[in-house]
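A.B. asks: okay, predicted coordinates and the sequence, questions at the end:
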Amino acid sequence: MPVINRIAEFAPQLTEWRQHLHRHPELGFDCHQTAGFVAARLRDFGVDELHEGIATSGLVAIIEGQGEGPTTGLRADMDALPITEATGVAHASTVAGRMHACGHDGHTTMLLGAARYLAETRNFAGRVALIFQPAEEAGGGAGVMCDEGVLERFGIAQVYALHTFAGAPAGRFMGRPGPMLAAVDTLTVKVTGRGGHGAHPEDCADPVAAIVAMVGALQTIVSRNRKGTDALVLSVTQIEAGANGADNIIPESGWFRATVRTYDASVQDMVERRSAEIVQGVAAAMGVGADVTYERGYPATVNDPGSTEHALRIAAEVSGDAADCDPVMGAEDFSYMLARRPGTYLFLGQGAGVPVHHPKFDFNDAVTPLGASWFARMVETLQPRRAGRAV
C-alpha cells in the first residue's frame with residue numbers, strides 16, 4: 001500500500017504546518033508555543049482526550065478506535081537547537097540563535113498528519129496515544145515523561161517513533177532489531193598540580209603533562225580492555241589548561257572531557273571503572289590530584305526484534321523502500337521509552353543535502369506524507385478492527 005490517499009490529499013497543509021513550526025523554534029522543555037499549535041490542531045481533529053503540561057510542555061492525545069484493544073503509542077519530538085540558521089529559505093527561523101536543525105518540526109508534522117487521518121477514520125481497535133515530547137536534544141524529555149507515568153497512565157503497550165536521516169534516499173525507511181543508537185556518557189577529569197615558571201618544571205607538578213598522559217592512556221580502554229566484538233567509542237573532545245595566556249607559566253590546574261558511546265551496559269560499567277583507574281594511576285605517577293566524574297546520559301536505543309520486523313514490512317508497503325541499517329553511534333532519548341515498552345525506532349531518508357545539526361539543514365517536506373502514512377498504518381495493522389464493523 002503506498003501513501004494513504006487521504007493523507008496525500010492534505011499534504012499541502014502538512015507543509016504549511018511544518019514550515020510554521022520551522023519559523024518558531026523553541027528549546028528544551030520550553031516548547032509551550034509549539035505545544036499550543038499542536039493542541040489546536042488536535043482539537044480541530046476531534047481527538048477524544050488531550051492532556052497537556054506533561055514534562056512541562058509535552059502533551060498526549062488519545063484517539064479511540066472501534067472495539068476493545070490495546071493502546072499503541074506514537075511519539076514525536078518538538079524541540080529545536082541553539083543554532084543560527086543559514087538556509088536562506090522563506091520559512092527560516094524568526095528567532096535569533098535558534099532553528100529546527102534536526103527535523104523535529106517534520107517529526108511533529110508527520111504525527112499530526114497521522115492524527116488527523118486516524119481521528120477521521122478510526123479504522124482500528126483499541127486506542128492510539130499520540131505523544132508530543134519536549135527536550136529531546138537536551139534534558140531527556142522522554143525520560144521525564146516516563147517518570148511522570150505516561151506509559152502507565154495511558155496504558156501504552158508499545159511505542160514507535162521516526163527520525164529523519166539526511167543523506168539517505170528520500171523516502172527510504174531504515175531500521176534494525178537490537179541496538180539502533182548508542183548510550184552516551186560524559187567523562188570529566190579535573191587535574192590539580194602545582195604551578196610555577198616554565199623554565200623550572202622541576203619545581204612544579206605539571207597538570208598539562210599529566211592530562212596529555214591521561215588522554216593517551218585512556219585510549220587503551222578501546223584497544224586493550226574491550227572485546228573485539230563490543231562497540232565502543234571514547235573521544236576526548238575538550239581540553240583546557242593555562243588559560244591565563246602566558247606561555248612561560250605552568251598552570252596550577254586543567255581539565256578535559258570525553259564522550260563515551262556504547263551499546264552494552266557491561267561495556268559502560270567497564271569504561272567507568274577503567275577510566276577512573278587509569279586517571280588515578282597516572283595522577284599518582286605524576287604527582288598531581290585528579291577528580292573523575294562519569295555521568296551516564298541517554299541509554300542505548302534498543303529495538304524490539306518482532307516490532308522492528310513488522311515496522312519495516314509496513315514501511316516497505318508505504319514507500320516501496322525499506323532496508324536494514326547499521327547501528328549508529330549517535331544517541332536518542334526515545335531509548336527511555338523503549339527500555340520500558342517493546343517497539344521500534346526507524347529512520348526516514350531525507351535525501352541529499354547537509355547533515356542534521358547543520359545551520360543549512362531543512363526538513364524535506366516531500367517525505368512527510370510517507371511518515372504520516374507509516375504511523376497510521378502501524379496502528380491499523382497492529383490493532384485491526386474485527387470483521388464486520390463499519391468504519
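C.D. replies: It's in. Numbering: from 1, shown residues only.
A.B. asks: domain map for this structure?
C.D. replies: Using automatic domain parsing, the domains assigned to the chain come out as 5-179+301-382, 183-296.
A.B. asks: now those domains as a markdown table including mean neighbour count and mean pLDDT?
C.D. replies: (C-beta placed from N, C-alpha, C; glycine too.) Shown next, in a markdown table, are these (neighbours: other Cβ atoms under 10 Å; pLDDT from 0 to 100):
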| stretch | mean neighbour count | mean pLDDT |
| --- | --- | --- |
| domain 5-179+301-382 | 20 | 98 |
| domain 183-296 | 17 | 96 |
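A.B. asks: Gly139: what secondary structure?
C.D. replies: Here Gly139 is recorded as coil under DSSP: H, G, I helix; E, B strand; the rest coil.
A.B. asks: residue contacts, it?
C.D. replies: 28-29 (Cβ atoms under 8 Å, 6 or more residues apart in numbering).
A.B. asks: state the distance from it to Thr301.
C.D. replies: Distance of Gly139 to Thr301, computed by Cβ to Cβ, to the nearest Å: 17 Å.
A.B. asks: quick one: contacts for the residue nearest the centre of the chain?
C.D. replies: Nearest to the centroid of the C-alpha atoms of the chain, with distances taken as Cα atoms, centre = their mean, sits Glu332, at 2.7 Å. The neighbours of Glu332, taking Cβ under 8 Å, 6+ apart as the test, are 136, 163, 180-181, 298, 301, 345.
A.B. asks: what of Pro384?
C.D. replies: 124-125.
A.B. asks: and it, that's in a strand?
C.D. replies: No: counting by three-state DSSP, one finds Pro384 to be coil, located in no strand.
A.B. asks: how much space between it and Gly126?
C.D. replies: Distance from Pro384 to Gly126, counting by Cβ to Cβ: 10 Å.
A.B. asks: so what touches the top helix by length along the chain?
C.D. replies: In the chain, with assignment by DSSP state H, the single longest helix is helix 265-286. Residues external to helix 265-286 that are found in contact with it (Cβ under 8 Å, 6+ apart): 183, 185, 187, 189, 191, 205-206, 209-210, 213-214, 217-218, 220-221, 225-226, 230-232, 234, 260, 262, 289-290, 292, 294, 296, 299.
A.B. asks: narrow these to those in strands?
C.D. replies: The strands, defined by DSSP state E, take in 183, 185, 187, 189, 191, 232, 234, 260, 262, 289-290, 292, 294, 296 from the contacts of helix 265-286.
A.B. asks: switch those residues over to JSON lines; also include distance to His100.
C.D. replies: What follows is those, written out as JSON lines (distance: Cβ to Cβ, whole Å):
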{"residue": "Ala183", "distance to His100": "25"}
{"residue": "Asp185", "distance to His100": "27"}
{"residue": "Leu187", "distance to His100": "30"}
{"residue": "Val189", "distance to His100": "35"}
{"residue": "Val191", "distance to His100": "39"}
{"residue": "Leu232", "distance to His100": "32"}
{"residue": "Leu234", "distance to His100": "31"}
{"residue": "Val260", "distance to His100": "28"}
{"residue": "Thr262", "distance to His100": "29"}
{"residue": "Gly289", "distance to His100": "44"}
{"residue": "Ala290", "distance to His100": "40"}
{"residue": "Val292", "distance to His100": "37"}
{"residue": "Tyr294", "distance to His100": "32"}
{"residue": "Arg296", "distance to His100": "28"}
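A.B. asks: report the two of these separated the most.
C.D. replies: Ala183 and Gly289 (29.1 Å; Cβ to Cβ).
A.B. asks: what is the end-to-end distance of stretch 60-76?
C.D. replies: 11 Å (Cα to Cα, to the nearest Å).
A.B. asks: distance check, Arg172 against Val367.
C.D. replies: For Arg172, the distance to Val367 - Cβ to Cβ - is 9 Å.
A.B. asks: quickly list what's touching both of the two.
C.D. replies: 348-349.
A.B. asks: specify which member of the contacts of Glu332 is nearest to Met378.
C.D. replies: Looking across the contacts of Glu332 and measuring by Cβ to Cβ, the closest to Met378 is Tyr345, at 12.4 Å.
A.B. asks: phi, psi of that closest one?
C.D. replies: The phi/psi pair for Tyr345 (degrees, to the nearest 10) reads phi -130, psi 120.
A.B. asks: got the contact list for it?
C.D. replies: By Cβ under 8 Å, 6+ apart, Tyr345 lies in contact with 160-163, 175, 180-181, 301, 303, 332, 334, 338.
A.B. asks: quick check: the farthest pair among the residues you listed?
C.D. replies: With distances taken as Cβ to Cβ, the most widely separated pair in the contacts of Tyr345 is Tyr160 and Leu181, at 14.9 Å.
A.B. asks: is Asp62 in a helix, a strand, or coil?
C.D. replies: I think there's a mix-up here, since residue 62 is Ile and not Asp. Relying on three-state DSSP, one would call Ile62 strand.
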